[in-house]
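*Asks:* sequence and predicted structure below; questions after.
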Amino acid sequence: MKTRRRRTAAILAAVTAALSASALTVAAAQNASAAAGCDVEYDIVNDWGTGFQANVSITAGEALDGWTVEWDFTGAVSGISAWNVSGQSLSGRHFTASDAGWNGAIAAGQTREVFGFTASGGSGEISNVKVDGVACGDGSGEQTTEPEPTDPEPTDPAPAGTPVEEHGELHVCGAGMCDESGAQIQLRGVSSMWLHWQTQPYAQNLQALEWMRDNWNIEVFRVAMGVEPEGAYLDDPQGWKTEVEKVIQNAAEAGVYVIVDFHAHQAHQHQAEAVAFFADLADRYGHLPNIIWEPYNEPEQVSWTGTVKPYHEAVVAAIRAQDPDNLIVLGTPTWSQDVDVAAQSPVSGANLMYTLHFYSCTHAQWNRDKADAAIDAGLALFVTEWGASAADGGLDGRVCLDEAQRWVDWMSANKISWTAWKLDVGPDSTNLLSSGAPLTGGWDDYLHGHAPFVIANLP
């Protein structure tokens, strides 16, 4: 089985560092005309060659109650997208941004990371730095890099007899998925609940994953990292990324494929955060043969060509700068049903698949007709989420098994891989577990809702 070497992106012209734990810090040196103690730090935390991500910190010489920062980039930069600021602008190479209100106060002598951004172009340096119109360094300060993370990334071959050991690295073949030997295959498994809404951290438990592999015969597990709701990724990026990494590392140890899902309905509104998230993880885990990226769970009823496709192009570019080979599954409009629309103008690139979702009490032959049209046009599909319920996940407790069986038969006939929704406890008919289900597996007596049907259709 092929194992690719770890790749790292160049940071600036001559500095290479691992993403996520690496940062190039350009400390704006004290200028004679600046307020005493004023300092601006411009930290390059991701660089994928054609673009970069930076974080900006301000040290206040005097107490600030609101701020405006500006500087000149030394290189050509475009397409800047900042968060936690208001009034951002880029005119030529001159950048300006102001506080967002809640982050405007900085005590005298305090250093506060105040915003971040992504941009296209070379990261370079900054000069003519000012805070509230007062010079605050010229961007020519010391450049430093932090050491590599101490925790090793998984590099060992997959355990013998596991799905990853059997199939190796995957790729798109025509309108299907093939393994390392070139054989067309169908992967089957389950999805987590939105991570921040789990009743217990089932998704992050290695014993549970190994138990599902050995007892349910799952081959793939989807980690659904919630992005937008309160308490999810946007509220705690590092914390939830760490939880996703636990699942990635567990999947590598268990020899199971893992789908890293940016689980959102308005992900295009958070493109900068998505680019940073996937660029970082792709750099550190893109060498693994069991990684599958899913940048957008379920776009709502928005334009494919005007909204969703441009978002995918930006995120795919960031992933491909670090991981040129692993599968990327692209969400489609109308809650990932309009695969036929995406087929009319697909994203350019290799090893790209497209997301199809269904719930059998809501979606029937008309939706399979749309999927058949996409397949006929050459699109490779992956059903990263489905349920034998209504589209709300089964709030009414119903299951529609006859239609679900028609869907499962259709997926088998077309060798379309799938992960069923969802590994958690609760009254919804798509929750696979009943109350009292232990964290570590052993769930034969805790099956709920559509779980018996799902398990019966696993390999």
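*Replies:* That came through fine. Residues are numbered from 1 along each chain as shown.
*Asks:* C-alpha only now, for contacts and for neighbours.
*Replies:* OK.
*Asks:* now for E298, how many residues are close by?
*Replies:* Look at E298: counted by other Cα atoms under 10 Å, it has 24 neighbours.
*Asks:* show me what the spatially most central residue of the chain is bridged to.
*Replies:* Note on the chain: the residue nearest the mean C-alpha position is F262, at 4.1 Å, using Cα atoms, centre = their mean. With DSSP bridges applied, F262 shows beta-bridge pairing to M225.
*Asks:* ok, now S81?
*Replies:* With DSSP bridges as the criterion, S81 is bridged to T118.
*Asks:* surely it is in contact with F117?
*Replies:* Yes: at 5.4 Å, S81 and F117 qualify as touching, with contact defined as Cα atoms under 8 Å.
*Asks:* give me the common contacts of these two.
*Replies:* Residues touching both S81 and F117 (Cα atoms under 8 Å, 6 or more residues apart in numbering) are A272.
*Asks:* right, and the residue nearest to the centre of the chain touches E294 too?
*Replies:* Yes: A contact is recorded between F262 and E294 when judged using Cα under 8 Å, the distance being 6.3 Å.
*Asks:* shaky segments in the stretch 251-400 of the chain?
*Replies:* Within the stretch 251-400 of the chain, not a single segment meets pLDDT under 70.
*Asks:* strands along that one, start to end?
*Replies:* Listed in chain order, the strands found in the stretch 251-400 of the chain under DSSP state E, counting those that start in this stretch are 257-263, 291-294, 328-330, 352-359, 381-387.
*Asks:* dump these to JSON lines, plus distance to E243.
*Replies:* Listed next are the strands of the stretch 251-400 of the chain as JSON lines, based on distance: least, Cα to Cα, whole Å:
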{"stretch": "strand 257-263", "distance to E243": "11"}
{"stretch": "strand 291-294", "distance to E243": "16"}
{"stretch": "strand 328-330", "distance to E243": "20"}
{"stretch": "strand 352-359", "distance to E243": "23"}
{"stretch": "strand 381-387", "distance to E243": "20"}
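*Asks:* just those: most buried one?
*Replies:* Ranked by mean neighbour count under mean count of other Cα atoms under 10 Å, those are led by strand 328-330, which reaches a mean of 28.
*Asks:* list the contacts of that strand.
*Replies:* Contacts made with strand 328-330 from outside it, assessed by Cα under 8 Å, 6+ apart, are listed as 292-296, 312, 316, 351-355, 382.
*Asks:* repeat that for 6 Å
*Replies:* Outside of strand 328-330, the residues that reach it under the criterion Cα atoms under 6 Å, 6 or more residues apart in numbering are 292-294, 352-355.
*Asks:* please apply the same query to stretch 305-315.
*Replies:* Applying Cα under 6 Å, 6+ apart, the external contacts of stretch 305-315 come out as 268, 275.
*Asks:* how about 8 Å then?
*Replies:* Stretch 305-315 is contacted by residues 268, 271, 274-275, 278-279, 295-296, 299, 302, 330, 332-333, 345-347 when judged by Cα under 8 Å, 6+ apart.
*Asks:* can you flag which of the residues you listed belong to helices?
*Replies:* Judged by DSSP state H, helices contain the following of those: 271, 274-275, 278-279, 333.
*Asks:* report the two of those residues separated the most.
*Replies:* Spanning the widest gap among those are A279 and P333, at 23.6 Å by Cα to Cα.
*Asks:* which one's more surrounded, those two?
*Replies:* Summary of the neighbour comparison: A279 and P333, criterion other Cα under 10 Å, with A279 having more neighbours (29 against 25).
*Asks:* now that the more buried one has come up, it's in contact with V316, right?
*Replies:* No: the criterion here is Cα under 8 Å, and A279 misses it with V316 at 9.2 Å.
*Asks:* so who does Q204 touch?
*Replies:* Remark: with contacts taken as Cα under 8 Å, 6+ apart, Q204 is in contact with 243-244, 246-247, 250.
*Asks:* ramachandran coordinates for it?
*Replies:* phi -90, psi 10 (degrees, to the nearest 10).
*Asks:* what does E245 give?
*Replies:* With angles defined as degrees, to the nearest 10, E245 shows backbone torsions of phi -60, psi -30.
*Asks:* show me the contacts for the closest residue to Q184 other than its chain neighbours.
*Replies:* Beyond its immediate neighbours in the sequence, the residue positioned closest to Q184 (Cα to Cα, 6 or more residues apart in numbering) is C178, lying 4.1 Å away. With contacts defined as Cα under 8 Å, 6+ apart, C178 is in contact with 170-172, 184-185.
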